[in-house]
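[1] Structure of the sequence below:
(chains A and B)
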There are 2 protein chains.
Amino acid sequence: MSDFDTIRELAIAAETKIVMLVMDGLGGLPRETNGPTELEYARTPNLDRLAQEGSIGLSYPISPGIAPGSGPGHLGLFGYDPVRYLIGRGVLEAVGIGFPLTPDDLAARGNFCTVDENLLITDRRAGRIPTEKCVQLVGKLRSIQIPGLEVFVEPVQEHRFVLVFRGKDLSDALNETDPQKVGLAPLAVRAQAPGAERTAELANQWIAAARETLKSEHPANMVTLRGWAKEPGLPGYREVYKLRAAALAVYPMYKGLASLVGMELVQGLHNLDEQMSALEARWADYDFFFIHHKYTDSRGEDGNFEAKAAEIEKVDAILPRLLALKPDVLIVTGDHSTPAGWKAHSWHPVPTLLYAPGLTRRNEVSGFGETECLKGSLGFFQAKDLMPMALAYARRLNKFGA
Amino acid sequence: MSDFDTIRELAIAAETKIVMLVMDGLGGLPRETNGPTELEYARTPNLDRLAQEGSIGLSYPISPGIAPGSGPGHLGLFGYDPVRYLIGRGVLEAVGIGFPLTPDDLAARGNFCTVDENLLITDRRAGRIPTEKCVQLVGKLRSIQIPGLEVFVEPVQEHRFVLVFRGKDLSDALNETDPQKVGLAPLAVRAQAPGAERTAELANQWIAAARETLKSEHPANMVTLRGWAKEPGLPGYREVYKLRAAALAVYPMYKGLASLVGMELVQGLHNLDEQMSALEARWADYDFFFIHHKYTDSRGEDGNFEAKAAEIEKVDAILPRLLALKPDVLIVTGDHSTPAGWKAHSWHPVPTLLYAPGLTRRNEVSGFGETECLKGSLGFFQAKDLMPMALAYARRLNKFGA
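    Coordinates of the predicted model:
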């Protein structure tokens, strides 16, 4: 029995409210040796007070040294072991553009590419065609019909698109068609496991039709497909945790990840102010609220230390509105670190704050920051243990064993 | 190979002595934000000195967020992964009243209930009959004979009793007979796995005879059975750890749990003073001593912060006697937290002290308490790792690999 099965057995319904506020890429690094990180540099009086009155610590999204993508980073925060519950790239790509996947769906990431008269690839990205061109070509590909299959093609960006097959008994045990170097032909799709033969045949039919559709285009006269993945069929928040959960996110990727675990999406949100208004408006309707703020990560990826700190300050500033709702448990964390000095997702553990009035021990810390988190009463933990803690502090978890 | 198999391979005999002193439910919470916990509030000069000279840290009985029952809490302390080695409720109930289970035993928890003339349950607990009545009815049930089976019935408390079948090839893959609500008849026992059919038939025979025996009683005129469990057949302390182990416990539940892992029980102990006298008297006979103090948990469940602190002070006061024996390793810990403010087992990690003269690193702490444990040299760890540490510090564990 895994930890996850244990939690599923122990979770009970209750009247309590949990808020998980995720600042994407929250963790950071100092600009100079022993200097403050972005979070430590930011002026965050509300977070500092919550850190003193609550519990803080550091979470590993996966394990030491591993920098996660957005998919596993969020799955961990949602309590799903991100190594066990892998989300395939095709599904992530579909989820990232807000495509509503169903359990019958098989998704792949598509690339437009350029081939010569012998069908040998001369440019794997078709010269990175503009997104407008991608949209136009996707429009043409949508005319392809495959008997017994519903097919969706969605533009993403530049040469990238998403292909979704909807049908019964589709398999994701298929190889990628991109040969990974120029001068070679796209590979045929073959079954990589018994039972995948029919899906491979359907995929090859679609690719042949796509080539026919694109053959007079230039430079995007062919496609490659990779990251074949079925909608993962994750057990949902309601089933596992007995939580009615809502996602208050702006970006499609995070809405999509939340929907994969059965959260309901509150649509039409564009900024923290609208997210707070939605939280207030829907407070009675849900037990769990996932609030996602993207720009801490974006400014980290830009390498802009000051701008990332400013995003953290914006989040700090909305906390009085959030606390006025009196959540039983408030968690403030990130899905990974994105230090401005690294300009990318990193492996550093993530500062995490758990505020649950009356149920936390003394936290001898001066505020919320990576260095203070080392002294906090949560210690180091794995991100996937955060949901069990949230449930426990919210009085939603029975005792294990007699 | 699990961690446990590794330890089994590495453990060797030695002349050293280990004492594990368990204050049940030791971990606590502050009464007010950032105030002291029960352990921090208690005056514990001996524990404080040991913390300064030894190592302290915090243990998770299972994993973050999980509050364990007494069974998994103690199995973890004894080094057995409590999620892998689940102890069924029937066995815990038998163990809790000191019933000596054998590997041929199948135990169930029984409830007396009330049924109407159509055998529909009108009270699942038979009005919580007094324990004296339970004893009297159990006396009647003992007259039931089932060919091929040795049957034991033992009173527990009020409407609760224990049923033990002793025989060859019994299975615990049986359903509970309690329908969980009134207005329904008790369920028949059915095999839940191949091979359990004969046991199910024997159980139904016994239930029919019990109904016949009780039919003119009121209100306890029927029984329900649940928590069917086989004696778990755990590998014992002597086999796994090469330790001759003794349990110095007062309460049957903890004696029973100790006996499940092969500890010998020192009987007739009623308090800490007698436990210390037994420790002194039997010091030469064993390598490992489990000393259990129940009342820290009891006063925590009462919600009495001061009384729980007083129990901790009682344990502190006996430490000079214990230390005079010069154990090579002394561990002071709890099986879980029972904060007085929570009045139940909680999920908070448990303050743990390991004293092994000459073998621990500098511990820059002022004493033994939850907050100081955050700074201690043991850090956070899982309770099941405590026994490997105890063996190592007692020079009883070989190197792993060449």
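
[2] Report the secondary structure state of whatever residue of the stretch 251-400 of chain A ends up closest to chain B.
    Chain B sits closest to A:P388 of the stretch 251-400 of chain A, with a gap of 3.1 Å, by C-beta to the nearest C-beta. Using the backbone N, CA and C atoms, a C-beta is placed for each residue, glycine as well. Under DSSP: H, G, I helix; E, B strand; the rest coil, the three-state class of A:P388 is helix.

[3] okay but it is in contact with A:N398, surely?
    No. In this structure A:P388 lies outside contact range of A:N398 using C-beta atoms under 8 Å: 11.8 Å.

[4] of the two, who's got more company?
    Neighbour count, other C-beta atoms under 10 Å in any protein chain shown: between A:P388 and A:N398, A:P388 has more, with 26 against 14.

[5] any idea of the pLDDT on the more buried one?
    Among the per-residue scores, A:P388 holds a pLDDT of 97.

[6] if we can go back for a sec, residues contacting the residue of the stretch 251-400 of chain A closest to chain B?
    By C-beta atoms under 8 Å, 6 or more residues apart in numbering or on different chains, the residues touching A:P388 are A:D3, A:I7, A:G79, A:L397, B:S63, B:P64, B:G65, B:I66, B:W347.

[7] got it, and A:V329?
    A:V329 neighbours (C-beta under 8 Å, 6+ apart): A:T16, A:K17, A:I18, A:V19, A:L354, A:Y355, A:A356, A:A390, A:Y393, A:A394.

[8] measure A:Q145 to chain B for me?
    With distances taken as C-beta to the nearest C-beta, to the nearest Å, A:Q145 is found 50 Å from chain B.

[9] show me the contacts for that residue.
    A:Q145 sits next to A:V151 when contact means C-beta under 8 Å, 6+ apart.

[10] so it is in which element?
    Assignment of secondary structure by DSSP states H and E places A:Q145 within no helix or strand.

[11] Report pLDDT for the closest residue in space to A:F78 that isn't next to it in sequence.
    Using C-beta to C-beta, 6 or more residues apart in numbering or on different chains and skipping the chain neighbours, the partner closest in space to A:F78 is A:V261 (5.0 Å). Here, the pLDDT recorded for A:V261 equals 95.

[12] got it, and A:M1?
    So, for A:M1, pLDDT stands at 45.

[13] And the strands in the stretch 151-300 of chain A?
    A:160-166, A:222-230, A:245-248, A:264-265, A:288-293 (DSSP state E, counting those that start in this stretch).

[14] and the second one, C-alpha only, in PDB?
    Only the C-alpha atoms of strand A:222-230 are listed here, as PDB (Å, rounded to 0.1, in the frame of the first residue of the first chain):
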ATOM      1  CA  MET A 222       5.700  17.900 -43.200                       C
ATOM      2  CA  VAL A 223       5.100  17.100 -39.600                       C
ATOM      3  CA  THR A 224       6.700  15.000 -36.800                       C
ATOM      4  CA  LEU A 225       4.900  13.700 -33.800                       C
ATOM      5  CA  ARG A 226       6.300  13.000 -30.300                       C
ATOM      6  CA  GLY A 227       5.300  12.600 -26.700                       C
ATOM      7  CA  TRP A 228       2.300  10.300 -27.300                       C
ATOM      8  CA  ALA A 229       0.400  10.300 -24.000                       C
ATOM      9  CA  LYS A 230      -3.000   9.200 -22.800                       C
END
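
[15] can you give me the angle it makes with strand A:160-166?
    Interaxial angle, strand A:222-230 versus strand A:160-166 (axes from the mean of the first three to the mean of the last three C-alpha atoms, to 10 degrees): 50 degrees.

[16] Sheet partners, orientation included, of strand A:222-230?
    If you go by DSSP bridges, strand A:222-230 pairs up with strand A:105-115 (antiparallel).

[17] and the partner strand, what's its mean pLDDT?
    Here the average pLDDT along strand A:105-115 is 97.

[18] Check which element follows that strand along the chain.
    Criterion used, DSSP H and E; the element after strand A:105-115 is strand A:121-123.

[19] buried sites along that next one?
    Buried residues in strand A:121-123, defined by neighbour count with 16 or more other C-beta atoms under 10 Å in any protein chain shown: A:I121, A:D123.

[20] where do the helices sit along chain A?
    Taking DSSP state H, the helices of chain A run over residues A:3-10, A:38-41, A:45-53, A:70-77, A:89-96, A:131-141, A:197-214, A:237-241, A:252-260, A:272-282, A:295-302, A:305-323, A:370-373, A:386-393.

[21] export the ones you listed to JSON lines and tack on distance to B:Q136?
    Formatted as JSON lines, the helices of chain A follow (distance: least, C-beta to C-beta, whole Å):
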{"stretch": "helix A:3-10", "distance to B:Q136": "37"}
{"stretch": "helix A:38-41", "distance to B:Q136": "67"}
{"stretch": "helix A:45-53", "distance to B:Q136": "55"}
{"stretch": "helix A:70-77", "distance to B:Q136": "56"}
{"stretch": "helix A:89-96", "distance to B:Q136": "64"}
{"stretch": "helix A:131-141", "distance to B:Q136": "81"}
{"stretch": "helix A:197-214", "distance to B:Q136": "69"}
{"stretch": "helix A:237-241", "distance to B:Q136": "46"}
{"stretch": "helix A:252-260", "distance to B:Q136": "58"}
{"stretch": "helix A:272-282", "distance to B:Q136": "58"}
{"stretch": "helix A:295-302", "distance to B:Q136": "69"}
{"stretch": "helix A:305-323", "distance to B:Q136": "58"}
{"stretch": "helix A:370-373", "distance to B:Q136": "60"}
{"stretch": "helix A:386-393", "distance to B:Q136": "42"}
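
[22] Among the ones you listed, single out whichever gets nearest to B:M23.
    Between B:M23 and these, the tightest spacing by C-beta to C-beta is seen for helix A:386-393, at 21.7 Å.

[23] need the contact list for A:V261.
    Applying C-beta under 8 Å, 6+ apart, we find A:V261 in contact with A:L75, A:F78, A:Y80, A:L234, A:G236, A:Y237, A:A245.

[24] Now the buried members of the residues you listed.
    A:L75, A:F78, A:Y80, A:L234, A:Y237, A:A245.
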